[in-house]
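Undergrad: Coordinates only, no sequence provided:
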C-alpha cells in the first residue's frame, strides 16, 4: 500500500457515521504484523490504529498462518462466504483484486461477508505496472467500475477517489543494460506520470 493511499483510506473511513451495530472489521490480505507495522508502517498508522481508536475490533485475515494473522481464510473460495456470512460491519480489501483469477467471485464473497448496513472499502491500482503476486490480472478500474462489481442498488458510494501517488520514494532507479533506461520511472515522475490508485467506500444494502 502506498503512503498516500493509506492517508486517503483513513479519511474515507472517518465518513462511516454512525458506526454499524457490529464493529468487527475484516482486513483482507493483511499479511504479517511486521509488514503492517515495520515494512509499511503507514498501514498501521493510517488504517489499523484509527479503526481501533474508533471502537472497531480489527481482524487481520490472510491465507497464510503468520504472526499477526487472526483468521486464516481464502477469500477466493466459496467457503469464505459460508464461514463469514453477514459477519463484518466493515470489510477492507486493498490491493487484492488485481491478484485474483475470478474478480466477480471475490467481490461476491466480500459482499456476502459484510452485514446489511455495513461498509466495504476497496483500493485497486488504476495506473501501475504489472506486478505478479503470484498473478496480475491487470484489473485497473476507475472507482465507478469497482462499484459496478456489485448489483445496482446494493452498494451506495460514500466516498471515492483516484489517488495520485507523488511520494518520490516509490519511483526507483532500476538496473538496466541500456543507458538511461533504468531511470524511466524517475524521469516519468518528473514528467508528471504518477502512479495512481482507485479507492472507493461503499455502504451495503441487502434489502433489495
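TA: Cool, got the structure. Small disclaimer: the values here were computed from a predicted structure and weren't measured.
Undergrad: Nearest the middle, which residue of this protein would you pick?
TA: residue 94 (1.1 Å; Cα atoms, centre = their mean).
Undergrad: how about it, what does it touch?
TA: Contact analysis of residue 94 by Cβ atoms under 8 Å, 6 or more residues apart in numbering lists 1, 5, 9, 28, 29, 47, 121, 122, 123. Placement of C-beta: from N, CA and C, glycine included.
Undergrad: Which parts of stretch 193-208 count as buried, going by neighbours?
TA: Neighbour counts using 16 or more other Cβ atoms under 10 Å place 194, 195, 196, 197, 198, 199, 200, 201, 202, 203, 204 of stretch 193-208 among the buried residues.
Undergrad: List the residues that contact the fourth one.
TA: Spelled out, that is residue 197. Residue 197 neighbours (Cβ under 8 Å, 6+ apart): 2, 5, 8, 123, 124, 125, 126, 128, 162, 163, 165.
Undergrad: before we move on, what about the third one?
TA: For residue 196, the residues meeting the contact criterion (Cβ under 8 Å, 6+ apart) are 125, 126, 127, 128, 162, 163, 164, 165.
Undergrad: Near the second one, how many other residues are there?
TA: Spelled out, that is residue 126. 22 (other Cβ atoms under 10 Å).
Undergrad: again with residue 173
TA: 11.
Undergrad: in stretch 2-14, what counts as buried?
TA: 2, 3, 4, 5, 6, 8, 9, 10, 12, 13.
Undergrad: picking up where we left off before, nearest to residue 111, of the contacts of residue 94?
TA: residue 122 (11.0 Å; Cβ to Cβ).
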